[in-house]
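Trainee: Give the three-dimensional model of this entry:
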Amino acid sequence: MASETSVIDVIVVRGKSFVWNPEDTCRLREEWRIVGNLVGCLPRAPRQNCQLGLPLQLMPEEATVLRETGVVRLLTYDRAKVVPEPKDVERFKEIAEEARDEQIHLFKEERRRRIVEMADQIVKGKRRKMKITESEDANISNEQILQEELNKIDLIDTERESYMVQLFRENPWIGRDKMENASWNFPRTEEEKARYFVFRDLWRKEIGRAHV
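Mentor: As a prediction, the model looks like this:
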């Protein structure tokens with residue numbers, strides 16, 4: 001049984017349960033042997049589905065056994081069902097702008113790191129090109145060549161529309177005191193009950209071995 005202060009909040013949306021907090025996700029996997037399934041896109045690699053990130057979606061069996069054990073509480077936001085107020089919309093736009101600025105900064109920093117890391121190859125390639133074209137700049141130093149490449153970073157066209165906005169780990173406008181207990185009726189059918197009891201039995205045996 002988890003203590004009251006360490007109970008993990010699981011958010012229920014249309015009958016599915018999600019964990020948004022990364023620390024809670026690690027706790028579920030390391031302490032409670034619950035793996036779940038990461039279903040969110042990665043902010044820095046959004047156009048792929050080989051690797052996914054938060055939120056962590058729990059199987060109904062996982063959510064139920066954790067709830068019965070007192071490890072989690074299943075919560076919902078009633079406010080999420082209503083139209084947001086104008087001030088909330090403006091705050092969202094501000095946060096989205098901040099997220100885009102951060103991504104642009106990270107992109108440029110990563111580009112600088114790669115240039116420094118591949119400095120030798122870049123200089124060799126530039127000098128080879130200068131020799132072929134008989135450029136008048138063939139006598140410039142290696143440091144100048146590298147600095148020219150670094151200067152180009154600030155000229156890169158970083159259109160804001162091309163950047164993804166990172167999903168919130170938690171709703172920034174709703175405090176924990178405004179959450180409500182979610183309705184949860186799994187398992188219902190005989191098949192669901194059989195499936196759940198098997199899962200619970202296997203999970204308890206695994207937890208017992210892990211905590212010995």
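
Trainee: Show the residue spans covered by the strands in this protein.
Mentor: Ranges of strands in the chain, per DSSP state E, are 8-13, 16-19, 37-40, 53-58, 72-76, 180-181.

Trainee: Count the neighbours of residue 113 for me.
Mentor: 10 (other Cβ atoms under 10 Å). Where you see a C-beta, it was placed from the backbone N, CA and C, and this is true even at glycine.

Trainee: ah, wrong one, I meant residue 47
Mentor: Around residue 47 there are 7 residues (other Cβ under 10 Å).

Trainee: again with the one 5 residues further on
Mentor: Residue 52 sits with 16 neighbouring residues when counted by other Cβ under 10 Å.

Trainee: Now do it against residue 129, distance only.
Mentor: Here residue 52 is placed at a distance of 41 Å from residue 129 (Cβ to Cβ, to the nearest Å).

Trainee: residues contacting the closest residue to residue 32 other than its chain neighbours?
Mentor: Computed as Cβ to Cβ, 6 or more residues apart in numbering, the closest residue to residue 32 that is not its neighbour in sequence is residue 71, at 5.8 Å. The neighbourhood of residue 71, defined by Cβ atoms under 8 Å, 6 or more residues apart in numbering, consists of 2, 7-8, 28, 32.

Trainee: Highest neighbour count among those?
Mentor: For those, the largest neighbour count, defined by other Cβ under 10 Å, is 23 neighbours, found at residue 28.

Trainee: so that residue makes contact with residue 22?
Mentor: No - if you go by Cβ atoms under 8 Å, residue 28 and residue 22 don't touch, sitting 10.8 Å apart.

Trainee: thinking again about what came up before, would you turn the strands of the chain into TSV with mean pLDDT and distance to residue 98?
Mentor: Listed next are those as TSV, based on pLDDT from 0 to 100; distance: least, Cβ to Cβ, whole Å:
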stretch	mean pLDDT	distance to residue 98
strand 8-13	93	23
strand 16-19	95	24
strand 37-40	93	19
strand 53-58	93	19
strand 72-76	94	27
strand 180-181	90	30
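
Trainee: Using neighbour counts, pick out the buried residues of the longest helix belonging to the chain.
Mentor: Scanning the chain for the longest helix, with DSSP state H as the assignment, gives helix 86-117. The neighbour-count check on helix 86-117 (16 or more other Cβ atoms under 10 Å) flags 99-100, 103, 115 as buried.

Trainee: So what's the residue count around the nearest residue to residue 33 once chain neighbours are set aside?
Mentor: The shortest distance from residue 33 to any non-neighbouring residue, by Cβ to Cβ, 6+ apart, is to residue 206 (5.2 Å). As a burial measure, residue 206 scores 12 neighbours (other Cβ under 10 Å).

Trainee: Nothing else from me, thank you.
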